[in-house]
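*Asks:* mind looking at a prediction? Sequence and model below.
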Amino acid sequence: MRRRARVRFLDTRPLRGSQSFRDLWIGTFASQLGGQIANVAVLAQVWDLTGSPVGTGAIGLATGLPMVLFGLLGGTLADTYDRRTVVRATTAGQLLAAAGLCTQALAQNRNVLLLLALVAVGTTCSALGAPARRTFPVRLLPDHQVAAGLALTNVSFQASMLAGPALAGLIIARWDLPAAYATQVAAAAVSVLAVIRLPAMRPEGVATGGGRRRPERGGWRIVLRRPTLWGSMATDLSATLLAMPIALFPLVNETRFGGNPQTLGLFLSAVAVGGITAGLLSGTVTRWRRGGLVQLSAAAVWGLALACFGLAGPLWLALGCLAVAGAADTVSVVTRSALVQLETPDAYRGRVSSVEHVIGVAGPELGNFRGGLLASATSASFSLVFGGLSAVAAIAAVTLTNAPLRAYRTPPATAKPTAPEVSKAPAAAG
């Protein structure tokens, strides 16, 4: 007798079953929430100092360039040293950068270059630690729970995206900028305490005598040699590079909805609400073993939803399309992240994670730039529809040409022992 599929809510087994993952999740959420609060504070302070969109645009350079440049180096560090040590050091660096931001606000700094330099330092530390941090769930959890762990992390990120800016606005309005930066300092301190409690996580093959080893050559080539990896990353790049809509929101709002700033905020909120809803129901998706097909399907839904957004007339329909796109994005991100970590040998996980990280940072930014250029030559609607359908076509091409990705299945629950912190995390001191 065939069992009926059930809708399952967020799978919390990783939080219940692993103290180390629970510490990691709490620390990551605290860091994300503090970062969102600081982002609003930096934006407000730069605008106060410069009164220029060029000044606020420079924040993007102070964050984007370190992410791309040092994210790649972070991958090598993650495959050379104990990853717990790398994350401890970089998280401590983020704490110091947050303290610097708080200090300059208390001193009523009027030098925008100093402010941007502190932002760049914090972003550099984050970029250096991100590849190592991405490898933690697969080392702390059994394989069949990795996707659930990543779904929990994604939900915390979406929650910080919703709550952080609103909380920042309340703090700044009541207590001014130093209080907002102090909140980030407190959140960074929680993150530091969380990673201190994690077990040592040396890359496989590292001697336990305290030394380090040089990563094997060809670490970057493994992405191209494994169809599941390049197919998964090509799917993500197709979706973001060809169909990223954020840069077009102001133009759509102006031409179709009268330029109301509240409507513009609803666009962003709709994407986040869709993402959180998908995350809360992700227990259904994370139990599906056909991770490749799930990612491909979700990425195609993202493209179709944004093409429909380009044609939507009523506001309720436009917001509905964005909510569907946000939900599809969450499903795609969770399944892709799990697939990449599970398909990559541990000795290469840091460098492969850095490739995934750079694609995740650069793809949306380039996609927004592409969408803006096309819209300036045509219209926002044409750019959205053409971009969404182009993304669907590119994803269809990956689907047709990449049989291993289509056939990929997550390892079953019986494939690994159920004591991940012992079997997956070597007991070497870090």
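*Replies:* The structure has been received and is ready for your questions.

*Asks:* quick one: Arg287 and Phe9 touch, right?
*Replies:* No. Counting by Cβ atoms under 8 Å, no contact exists between Arg287 and Phe9, whose distance comes to 11.6 Å. Just so you know, the C-beta spots here come from the backbone N, C-alpha and C atoms, and that holds for glycine as well.

*Asks:* tell me where the stretch 1-150 of the chain has strands.
*Replies:* Counting by DSSP state E, counting those that start in this stretch, the stretch 1-150 of the chain forms no strands at all.

*Asks:* count the neighbours of Gly258 for me.
*Replies:* When neighbours are counted by other Cβ atoms under 10 Å, Gly258 registers 8.

*Asks:* could you report the pLDDT at it?
*Replies:* If you check Gly258, the pLDDT there is 82.

*Asks:* same check on Thr410?
*Replies:* In the predicted model, Thr410 carries a pLDDT score of 76.

*Asks:* one more: the one 5 residues further on?
*Replies:* The predicted local confidence for Ala415 comes out at a pLDDT of 46.

*Asks:* so Leu229 sits right up against Pro345, yeah?
*Replies:* No. Using Cβ under 8 Å, Leu229 and Pro345 do not qualify as a contacting pair, with a distance of 10.9 Å.

*Asks:* between those two, which has more neighbouring residues?
*Replies:* Between Leu229 and Pro345, counted using other Cβ under 10 Å, Leu229 has the larger neighbour count: 22 against 14.

*Asks:* name the helix or strand for Gly388, please.
*Replies:* Using DSSP states H and E, Gly388 falls within helix 380-401.

*Asks:* show me what that helix packs onto, helices and strands only.
*Replies:* Helix 380-401 is packed against helix 227-243, helix 249-257, helix 291-311, helix 349-377, helix 403-407, with contacts defined by 3 or more Cβ pairs under 8 Å, 6 or more residues apart in numbering; DSSP states H and E.

*Asks:* indicate which one of the ones you listed is closest to Leu61.
*Replies:* Closest to Leu61 of the helices and strands packed on helix 380-401, according to Cβ to Cβ: helix 349-377, at 11.0 Å.

*Asks:* enumerate the positions of that closest one that are buried.
*Replies:* Within helix 349-377, the residues that count as buried by 16 or more other Cβ atoms under 10 Å are 349-365, 367-368, 370-372, 374-375.

*Asks:* and for stretch 381-401?
*Replies:* When burial is assessed from 16+ other Cβ under 10 Å, stretch 381-401 yields the following buried residues: 381, 383-392, 394-395, 398-399.

*Asks:* closest to Gly274 out of those?
*Replies:* For Gly274, the closest of these turns out to be Gly388, at 15.4 Å, with distances computed as Cβ to Cβ.

*Asks:* okay, now the nearest residue to that closest one once chain neighbours are set aside: neighbour count?
*Replies:* Once flanking residues are discounted, Gly388 sits nearest to Ala307: 3.0 Å by Cβ to Cβ, 6 or more residues apart in numbering. A total of 23 residues lie near Ala307 under the criterion other Cβ under 10 Å.

*Asks:* hmm, Val385 and Ala307 touching each other?
*Replies:* Yes. Taking Cβ under 8 Å as the contact criterion, Ala307 and Val385 are neighbours in contact, 4.8 Å apart.

*Asks:* just for the protein, where's the confidence low?
*Replies:* Residues of the chain meeting the criterion pLDDT under 70: 1-8, 53-54, 57, 205-220, 261-262, 264-265, 282-286, 365, 413-430.
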